[in-house]
Each structure stands twice: as C-alpha cells, then as structure tokens.
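Q: For reference, the sequence and a predicted model appear below.
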Amino acid sequence: MLKRHERSGSDTVLLMADIGRKAREAARPLATASEEIKNAALLAMADAILREEAAILAANAIDMRNGEEAGLSAAVMDRLKLTPARIRDIAEGVRAIAALEDPVGAVIAAWDRPNGLHIERVRTPLGVIGVIYESRPNVTADAGALCLKAGNAVILRGGSDSLNSSTAIHACLVAGLKAAGLPEEAIQLVPVTDRAAVGEMLKGLGGNIDVIVPRGGKSLVARVQDEARVPVFAHLEGICHLYIDGSAKLDMAVPIALNAKMRRTGICGAAETLLVDRAVAGTHLVSILEALAKAGCEIRGTEEVRDLFPAAKPADEADWTTEYLDAIISVKLVDGVGEAIDHIETHSSHHTEAIVAEDAGAAERFFNEIDSAILLHNASTQFADGGEFGMGAEIGIATGKMHARGPVGVEQLTSFKYRVRGSGQTRP
C-alpha cells in the first residue's frame, strides 16, 4: 500500500522550500534541452506507464476503496477511477505530446527596423509551474508531460484522494526523465496531504514558482485565486450552456444535446444548462428531453418546460449557476438567440457554450456577443478539450483573459523574449 507520512506544519514548510529549490535548479537545463532529449523522456514515460499498468491499477484500487469509505460522490469516483483503457489513453496522451512541435525557440514574429536592427519575438519556457489538482490521477501525467515539452519544471500537488494513483504514475515520469538523462527533479510530486503544502505553493516557494495552475472544484480554485501571490491560470467552474436555435435540425439537436450532457457528466465541458428557442418548443424540446431522460438524466425545468415535459422537476434560481458534474441538466425556453445570449452572459462561468443552428446569422451573433473561452457551432460542448483541439493534451481550461485562455497546452505554457541583432548601431 502506498502510504505517505503526514508531516507537521513546520516540516511541510521545509519540505516545500526544498522542492522549490530543486525545481528551480532543474528548470535551467530543461530550458535548453533539445527537442530530441525531451521527446526521448516522454516516450520512455509512456512506455513505463504501460509497463507498470498492474502497479498503477493496484494503487488506484486503494484510492477507490478509500473513496468509497469516505463517501465520495459518483462524479468524483468516476474522475478518480483508472482502468486498463484509461491507462492506455494516458500513455497515448504522453506520446501525443511528444509528437507535438517543440514550442521552445519558435520565432513568433520577426521584423526589420529602418536603422538595420533585426528583431525577433521567440518562445521561451515559463520556468517553474505549480499544478494543484483534485481527483484526476491522469493530470499527473498530462501536466508533467506538457510542462516538460514546454521546457518547464513542474511541482505537482494532487488531491489526497488520488495520492496512491498519482504516486504510481509519477514514478513512471521519473523513470522517463532518468532514461533521457534529464534531472529527476524536473517533475516533482508533493508527497504529503498536509494542506499547508498548498499554502506554501501559493506563496511562491520563495520566488521559485512562476505560475500556478489549479484544476479542481470551485472551493480549490477560489482559494488559489484568493491567496496566490504568483500569476494563476484558472477557471472557477464549468457552467456550460447548449442553445437550440429555432433553425436547428432536430436530427442534429438530439444527439448533440445527449452527447454534451451524458458522454461524461463529471468533466468541466459537460453541458449543465439547455436553452431551447420557444419557436421550436413544440417540435424539439420533448424529443431532446426524452432522449436525455432515457439515458438517465434528471431534468430540472421552468414551469413552461414542465408543462410540455411533466416528468421534469422544478428548477429554481440556483440551478442556473450550478455545475452539477452529474446526470442533471437545467432547462429553459427563450425567445431566440438574443435571450439565450442574455441568459448565458448572466449565468455563465465563461468556460464553454454551444449553439445548434442552421441560421448562419444566429451562429455569428452567438460567437460575437458571448464572452466565453470556447464557443461551438453545431458541435457538442464535450469537445472543450486540448486533445480534441489537436494540442496533444492540456492542463486545464483557462477562463481568465490574461496570457492563456481556453485549453492550456504547450504553447500556453511558454512566454517569449526578444532577440535583437545589430551591426554596431548606437542610439542617438
């Protein structure tokens, strides 16, 4: 059984300071590591994950058993659970990251000045990234691999409910680093569940953390945003909307709605509110809700929705701002795309919204007037994923407006610097 010693607060402060120093030391050689070396490490990590499948599953079984005893919700248990198929997906995700073009050193822009200076804007690593996450052990591999590909050292602090699983996966990442001759401290996993460890990371570990990326529930992300003394890439929650326009085709609206809500209910890209144009309430609403109900989804609707679909439960004001992460959806009728936009802008967490419509004008208005990180037309909200965007993987979906927004992949884990080449110029 993979058990970790719980330290006292003072011990944790010393532990985290040491982790921060080692991460900063590892960041320097990573910043100049070649693409070939980084890819060799990533491919060795993927091989180790597959090779250690039995050990990872055994560790996950401990976490699952502990989760059941702790009474974790079905949604959390689903995020925590690993299977052979999910482990293969984790390994393939690491391979996909290896296949991405190396962002470090890429020239973003270049231009010449009249005085003969040649100026280039070039991608560089951020340095040391702290990732704080809950439940999902796959984030250990995704975050470690993405940060490495972008030339960053990373400090991973997973949730106590997934510590055994994360520790087993982390061992595979370290094996990959060693195989490629990179410093083992390039990817570190905080080995204690003491909440003081999070506090130390939010303080920046004496200037050794450059960016914090939280990935978890509302309370975790809110704490990070409130207390962090370093920049944060974060989304508070995924209150995602699906709007069925009056021009939508029924045979498209039904499968999109079903997939957006029910493919995986516990992910941040799952639709939580369904808005339907009153113009098609009589033709579309019942068919969509019947399909959702048949799949096991609880429907919570306004009074007029319940008049058309009596099996729905009453929706109250809190439903419009609730991230269920479960087989529950709130439903409301609206007067066209304008009212849909008003509802979304009032209640959305600015994560992901989708419109099903044949009217190109309605779709364009939806895209132009809604200020969310990801907007989709005639596609499921569950495509809100870095892998689906061709980014290999992502640490999370950022809903802020500074530096990174949407899926945080390898490019978003870089900054840039300017290289200026002259031939003896001096400024008058």
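A: Good, I have the coordinates.
Q: Gly144 and Leu173 touch, don't they?
A: Yes. Using Cβ atoms under 8 Å, Gly144 is in contact with Leu173, at 4.7 Å. In this view, the C-beta of every residue, glycine as well, is placed from N, C-alpha and C.
Q: Determine the residues that are contacts of both of those two.
A: Met45, Ile187 (Cβ atoms under 8 Å, 6 or more residues apart in numbering).
Q: in what helix or strand does His241 lie?
A: Using DSSP states H and E, His241 sits in strand 240-244.
Q: so how far is whichever helix or strand comes after that strand from its chain's centroid?
A: Using DSSP H and E, the next helix or strand after strand 240-244 towards the C-terminus is helix 250-262. For helix 250-262, the separation from the chain centroid amounts to 23 Å (computed by Cα atoms, centre = their mean, to the nearest Å).
Q: which stretches of the stretch 251-400 of the chain aren't confidently modelled?
A: Low-confidence segments of the stretch 251-400 of the chain (pLDDT under 70): 392.
Q: which residues in it form strands?
A: Listed in chain order, the strands of the stretch 251-400 of the chain (DSSP state E, counting those that start in this stretch) span 271-277, 298-301, 313-314, 328-334, 352-356, 374-377, 397-398.
Q: Parallel or antiparallel, list what pairs with the second one.
A: Put plainly, it is strand 298-301. Here strand 298-301 has these sheet partners by DSSP bridges: strand 313-314 (parallel), strand 328-334 (parallel).
Q: Show me which positions of that strand end up buried.
A: Neighbour counts over strand 298-301 (16 or more other Cβ atoms under 10 Å) mark Ile299, Arg300, Gly301 as buried.
Q: What are the contacting residues of it?
A: Strand 298-301 is contacted from outside by 289, 292-293, 305, 309, 311-315, 319, 327-332, using Cβ under 8 Å, 6+ apart.
Q: The third one now?
A: Residues from elsewhere that reach strand 313-314, judged by Cβ under 8 Å, 6+ apart: Glu298, Ile299, Arg300, Gly301, Glu303, Arg306.
Q: Tell me the gap between that strand and the middle of its chain.
A: Put simply, strand 313-314 sits 31 Å off its chain's centre (Cα atoms, centre = their mean).
Q: same thing with the fifth one?
A: The chain centroid and the centroid of strand 352-356 are separated by 18 Å, computed with Cα atoms, centre = their mean.
Q: tilt between it and helix 250-262?
A: 160 degrees (axes from the mean of the first three to the mean of the last three Cα atoms, to 10 degrees).
Q: got it, and the first one?
A: In this structure, strand 271-277 runs at an angle of 150 degrees to helix 250-262, with the same axes, to 10 degrees as the basis.
Q: Now do the contacts for Gly159.
A: So Gly159 contacts Tyr133, Glu134, Ser135, Gly216 (Cβ under 8 Å, 6+ apart).
Q: Quick one, which of these are buried?
A: Tyr133, Glu134, Ser135, Gly216.
Q: Local confidence estimate at the first one?
A: Spelled out, that is Tyr133. With respect to pLDDT, Tyr133 scores 90.
Q: and it, what does it touch?
A: Val139, Ala143, Leu156, Arg157, Gly158, Gly159, Pro214, Arg215, Gly216.
Q: any idea which of the residues you listed is closest to Arg421?
A: Ala143 (35.8 Å; Cβ to Cβ).
Q: Assign the closest one to helix, strand or coil.
A: Following DSSP: H, G, I helix; E, B strand; the rest coil, Ala143 is assigned to helix.
Q: Ile370 contacts Glu353, doesn't it?
A: Yes. Applying Cβ under 8 Å, one finds Ile370 in contact with Glu353, separated by 5.6 Å.
Q: anything in contact with each of those two?
A: Counting by Cβ under 8 Å, 6+ apart, the shared contacts of Ile370 and Glu353 are Ile344.
Q: more crowded one of the two?
A: Glu353 (29 against 19; other Cβ atoms under 10 Å).
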